[in-house]
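Engineer: I would like the atomic coordinates for the input below:
(2 chains)
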Amino acid sequence: MKERLQQIREEARKQIGEAGTLDALNDVRVSFLGKKGALTAVLKSMKEVAAEERPRIGQLVNETREEIERLMEDAKGKMEQALREKRLKAEVIDVTLPAKKNQLGHRHPNTIALEEIERIFIGMGYEVVEGPEVEKDYYNFEALNIPADHPAKDEQDTFYVNGDILLRTQTSPVQVRVMEQGKLPIRMIAPGRVFRADEVDATHSPSFHQIEGLVVDKNITFSDLKGTLAQFAKELFGEETKVKFRPHHFPFTEPSAEVDVSCFKCKGSGCRFCKGSGWIEILGCGMVHPHVFEMCGIDPNEYTGFAFGIGLERISLLKYEIDDMRLLYENDVRFLQQF
Amino acid sequence: MNTALSWIKAYVPELSCTDQEYCDAMTLSGTKVEGYERMDKNLEKIVIGRVEKIEKHPDADKLIVCQVDIGSEVIQIVTGAPNVREGDKVPVVLDGGRVAGSAHSSGPRPENGIEIKAGTLRGVPSNGMMCSIEELGASRDMYPEAPENGIYIFPEDAQVGADAIEALGLRDTVFEYEITSNRVDCYSVLGIAREAAATFDKPFTPPVIEIQKEKGRIEDYVSVEVQDKDLCPRYLGRVCTNIKIAPSPQWMQRRLAASGIRPINNLVDITNYVMEEYGQPMHAFDLDTVAGHKIIVRRAKDGDTFQTLDGQIRRLDKDVLMICDAEKEIGIAGIMGGENSKITDNVKTVLFEAAIFNGANIRKSAKRIGLRTEASGKFEKGLEARNAEAAVNRACQLIEMLGCGEVVGGIAQDGLPLSPLREIAFEPERINRLLGTKIPAEDMLKIFEKLEIVYQKESGLLVIPAFRQDLAGFADLAEEVARFYGYDKIPTTLPSGEATTGRLPFKLRIEEKAKDIAEYCGFSQGMCYSFESPKVFDKLLLPPESPLRSAVTISNPLGEDFSIMRTLSLNGILSSLATNYNRRNKNVRLYELGNIYLPHQTPVTELPEERMQFTLGMYGEGDFYTMKGVVEEFLTSVGMRERVEYDPEAQKSYLHPGRQALIRYQGETLGYLGELHPQAADNYGIGTRVYVAVLDMPKITASATFERTYAGLAKYPAVNRDISMVVPKAVMAGQIEAMIAQRGGRILESCKLFDIYEGEQIREGFKSMAYSVVFRAEDRTLEDADISAVMKKIWNGLESMGIELRQ
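Structural biologist: Here you go, the predicted model:
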């Protein structure tokens, strides 16, 4: 019996070694371990074995079975490994073939710049608000300390609907509308479309965008205005950006300033974008004029505030080096796809 | 405003800085320098030489050979200039020197000038060049004494060997300033000089106006009566007699020329000089043409006409202010004098006018008359009476100084009493609180002193000088302190106080989603104008009675194409698609988020309703159902997950009648989509099918939500059944789905069309459709009996619609 088992073991080892495929291997399993297999036959003939021998022989049978199973597993593992390798070899692809893309659309460059600016101010605690584009003369001019005969009204080439209604020339009227609601403190930006009677050409458009900013609270200072806009400029144009405040005049702020940033193209060394000066003017700002507060029902002795107005196209055109404003309204996809 | 720095230095003698330092410092203290140009740019090695000897050139008829003494030596120069004579003193460019331009070309000057080298001309050595005023970068406007063609000749007392550029006064720089509208005082040399003195902390020495000898009394020459004092708060007149017209002195001519004003004669130049110096326009009348020797200032009458001194006939109206004599009108106040009183070379007695007119009235009058002049531009800003008086006196002083005539004593004037000087409380702490600074009060007072703002210690008031009309309150004074303390020295801080939450309002968050989804679906964002042409309505085939045709109209548009505010958003996107189509761009998908403007009534009396529209348009790959997919993706993304319905009766004239639908959600119409009507496509010049969708964002915002609730994953298995049917063509998928939904009840999970076919095997007027229907219960495994009962109800429902089932 023992010899028989030894013989089975040797025979199995031989057949497993010869089996070339998984199917052949399975056949080997059946022929040794199956119901009619050689080892099963040995088990069936156990009754012929002496009773005292049975445990020992039984153990031998089990050892033989385990041995065969182990050999089978090893052989199967190797075979599968070889098969996988073969498949992987066959499946080599040309990774340089073109990509299959879901053709995504593209945001307008103005929107990209605007969303970046919004993100910065939202991070500083500003709420984004909107106001009407067709606006009352009162909000666009009078409440901003620009009375009826003020020359600034002519300077701005206003589109009128009638004597009282116009297309807003600036986003500043939103300041007034927010202040009138009397909910203080205020930290807001108001982006939007504005209109001025400029003929369309490479550097002018009768329709463009501004972003108005307004902060009103007790103890707001000019130094807060400087700090806020310096931080904004750093976030938008890079940590190394410098800002320069120059005195200027706006009817609805006093003191007022224009703000230059160190040229974000040449880092201030002078290039065609900054016309060699190293600086680029990006916005106007100032402390809210006491008259404006009074007209909105806010006590200028108690509250102070600052306001600023950013020309969106000024930033998007420079940032993306767009040399013709007309491109912004043509909507040629070859233009839009570059952003 | 352009001014030579030497003129500023005349009043700030200690001013000493480079051009760039001046530019930077002035800009930072609030007088913005737009740019500057050195007048001696590219002028190198140019001295005064004396022509000692002139000989003919041996080989050229048009050339002469000159021996020129340049102080250190005598050099030989060959020239073709016809005007030099022996003994003339001329500018000589030495070997290796440089001039600004060529004598013969009138075009732009070369950036780096022209280098002059010693050489030979037709075999004769020439060691330099004598030059014309044009070669020196100047013009005969600045140097009227220069010959028209030829070498500039210095006066006899010029010093041989000296720097010719210095002698010509070209060691100077012209600065261009951008003056803000509030600083009327800075539209003058004195105003800028005062700012420069304060900026550099140097003494300011304005001219001292003294007239040595006055002859006669003004009362004997002229009287002034202002009838409309609202439009002319002050009118001043002074008279000079024995006028002798001659060229003005060179220093005056050059200052004017550097400012861009052409010198004419002493009288005209004096009025221009004073206008530049004081910012006060003046007018000179020939007093002998002033009837009755009386000036009356009054409004014109509607329909009057008047010939201005440029010879043009001007139409007047009752709001135009006129200067008149006892009989007639002799000038349009503040705009232009009359032909009938203009100064000629024969003038004997002149009346100088310096007046203050209502700025707004001048602006409007100039606009209506269509004549905007240098003078009206200044009057518009609102001038000041005390300065006008100084200016007219200065003009008389210059008449005397230049020997141009004799000054009559006294001023003829009329008008409103002078307004008292403004007084503002000095509140140093409040200024520091506003600026966020700790500037000592005494430092502030030093700044005010430089600006001629006088502090009255007893009252604590600051007295504002008359020329600073812009200083009206505390904030204005804070700005004065800030700009001379230095904006750059003010600290940078961030606002303190109550923290606020930054946020994007819901409406804008929905718009952001719209942008995201559109872009995921391949649409790029366009930007379209808010105004368009009324022709758009015809292009879009709108019926004449369409309410969309009543739009907000711009009263002063750039042209018809920009004359109305759009009432529907399609034109923008269609025009953009057309642009792309014309440029042969393939598969174009565009979207836009922009307002339409719906008037409540026309003509407009209140603000129109502005409604944000989400407009999509495409051509190329994709069809109606592609567009429908974008709409549904968007609605799902903003939490609108109920069934969207499509009503084919959209009635949009500009869409294909059989391929359009209103988009409905819970009974509300959100917008529409469809294929562009081929006629409309033709109107836009697009030769292919165009699909559009327009969603009204306020409706979306009303139903949208970012709330989401997890409903659990299904625990029990689903049962799938297919329904295959033959459907009359008129029955729409939406009707079938609605029936399946209604009959399917609570256990219906979904139903999805998986096949639709029209053609050979299906008889005329019918189509074959197949739906995959899925049932599932939340609380149990469905039995066959459950399904059969529901399927029967669905079949019955479908059969009632004329549908045949294929079992």
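
Engineer: which residues does residue 201 contact?
Structural biologist: Here I'm looking at chain A. A:Met325, A:Arg326 (CB atoms under 8 Å, 6 or more residues apart in numbering or on different chains). Every C-beta, even on glycine, is put in place using the N, C-alpha and C of the backbone.

Engineer: wait, I meant chain B there
Structural biologist: B:Lys450.

Engineer: would you mind measuring from it to chain A?
Structural biologist: Here B:Asp201 is placed at a distance of 17 Å from chain A (CB to the nearest CB, to the nearest Å).

Engineer: repeat that for B:Leu568.
Structural biologist: 16 Å.

Engineer: and that residue, how many neighbours?
Structural biologist: For B:Leu568, the count of nearby residues is 21 (other CB atoms under 10 Å in any protein chain shown).

Engineer: next, it: phi, psi?
Structural biologist: phi -140, psi 150 (degrees, to the nearest 10).

Engineer: which residues touch the residue in the stretch 1-150 of chain B positioned nearest to chain A?
Structural biologist: Across the stretch 1-150 of chain B, the shortest distance to chain A (CB to the nearest CB) belongs to B:Gly30, at 3.4 Å. Residues counted as contacts of B:Gly30 (CB under 8 Å, 6+ apart) are A:Arg246, A:Pro247, A:His248, B:Thr180, B:Arg183, B:Glu195, B:Arg483.

Engineer: which of those residues fall in helices?
Structural biologist: B:Glu195, B:Arg483 (DSSP state H).

Engineer: per-residue pLDDT of the residue of chain A most remote from its centre, please?
Structural biologist: In terms of distance from the mean C-alpha position of chain A, A:Ala50 ranks first, at 81.8 Å (CA atoms, centre = their mean). According to the prediction, A:Ala50 has pLDDT 80.

Engineer: and it, how far from A:Arg65?
Structural biologist: 21 Å (CB to CB, to the nearest Å).

Engineer: lowest average confidence, helix or strand, in chain A?
Structural biologist: helix A:151-155 (a mean of 67; mean pLDDT, DSSP states H and E).

Engineer: so where's chain A uncertain?
Structural biologist: A:151-152, A:154-156 (pLDDT under 70).

Engineer: which residues in it form helices?
Structural biologist: A:2-18, A:22-33, A:38-44, A:54-90, A:109-123, A:137-140, A:151-155, A:173-180, A:222-237, A:290-295, A:312-319, A:327-330, A:333-336.

Engineer: same question for the stretch 251-400 of chain B.
Structural biologist: B:266-278, B:359-369, B:374-380, B:385-401 (DSSP state H, counting those that start in this stretch).

Engineer: looking at these, which is closest to chain A?
Structural biologist: helix B:359-369 (3.4 Å).

Engineer: and the contacts of the closest one?
Structural biologist: Contacts for helix B:359-369 (CB under 8 Å, 6+ apart): A:149, A:151, A:154, B:231, B:314-317, B:319-321, B:332-335, B:372-373, B:376, B:379-383.

Engineer: count of neighbours near residue 170?
Structural biologist: Picked chain A for this. 23.

Engineer: um, chain B though
Structural biologist: Number of residues near B:Leu170 (other CB under 10 Å) recorded here: 24.

Engineer: same check, this time on B:Phe448
Structural biologist: Using other CB under 10 Å, B:Phe448 has 22 other residues around it.

Engineer: wait, what's in contact with residue 206?
Structural biologist: Since you didn't name a chain, this refers to chain A. A:Phe159, A:Phe195, A:Arg196, A:Ala197, A:Asp198, A:Glu199, A:Val200, B:Tyr529, B:Phe531, B:Leu558, B:Phe562.

Engineer: not what I meant, chain B
Structural biologist: Contacts of B:Pro206 by CB under 8 Å, 6+ apart are B:Tyr11, B:Leu190, B:Ala193, B:Arg194.

Engineer: which one of these sits closest to chain A?
Structural biologist: Closest to chain A, out of all of the contacts of B:Pro206 and judged by CB to the nearest CB, is B:Arg194, at 15.3 Å.

Engineer: burial of the residue lying closest to that closest one once chain neighbours are set aside, as a residue count?
Structural biologist: Nearest residue to B:Arg194, sequence neighbours excluded (CB to CB, 6 or more residues apart in numbering or on different chains): B:Phe204, at 5.4 Å. The local packing of B:Phe204 (other CB under 10 Å) involves 19 other residues.

Engineer: repeat for the one 3 residues further on
Structural biologist: Number of residues near B:Pro207 (other CB under 10 Å) recorded here: 14.

Engineer: circling back to that earlier point, turn the contacts of B:Gly30 into TSV, columns for neighbour count.
Structural biologist: Shown next, in TSV, are the contacts of B:Gly30 (neighbours: other CB atoms under 10 Å in any protein chain shown):
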residue	neighbour count
A:Arg246	20
A:Pro247	22
A:His248	22
B:Thr180	17
B:Arg183	21
B:Glu195	25
B:Arg483	24
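
Engineer: turn the contacts of B:Gly30 into CSV, including distance to B:Pro263.
Structural biologist: Shown next, in CSV, are the contacts of B:Gly30 (distance: CB to CB, whole Å):
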residue, distance to B:Pro263
A:Arg246, 35
A:Pro247, 34
A:His248, 34
B:Thr180, 30
B:Arg183, 27
B:Glu195, 27
B:Arg483, 35
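
Engineer: in strands, which of the contacts of B:Gly30 appear?
Structural biologist: The strands, defined by DSSP state E, take in A:Arg246, A:Pro247, A:His248 from those.

Engineer: and those residues as a markdown table, adding distance to chain B?
Structural biologist: Listed next are the ones in strands among the contacts of B:Gly30 as a markdown table, based on distance: CB to the nearest CB, whole Å:
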| residue | distance to chain B |
| --- | --- |
| A:Arg246 | 6 |
| A:Pro247 | 3 |
| A:His248 | 6 |
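
Engineer: returning to that earlier point: where's the residue of the stretch 1-150 of chain B closest to chain A relative to A:Phe250, distance?
Structural biologist: Relative to A:Phe250, and taking CB to CB, B:Gly30 is found at 13 Å.

Engineer: B:Ile270 now?
Structural biologist: For B:Ile270, the distance to A:Phe250 - CB to CB - is 37 Å.

Engineer: do A:Ser172 as well
Structural biologist: Applying CB to CB to A:Ser172 and A:Phe250 gives a distance of 9 Å.

Engineer: likewise for B:Leu542?
Structural biologist: 43 Å.

Engineer: do stretch A:275-284 and chain B come into contact?
Structural biologist: No. If you take CB under 8 Å from any CB of the partner chain as the test, stretch A:275-284 misses chain B, and the best it gets is 9.7 Å.

Engineer: what's the first-to-last distance across that stretch?
Structural biologist: Stretch A:275-284 has an end-to-end distance of 20 Å (CA to CA, to the nearest Å).

Engineer: next: stretch B:212-219.
Structural biologist: End-to-end distance (CA to CA), stretch B:212-219: 20 Å.
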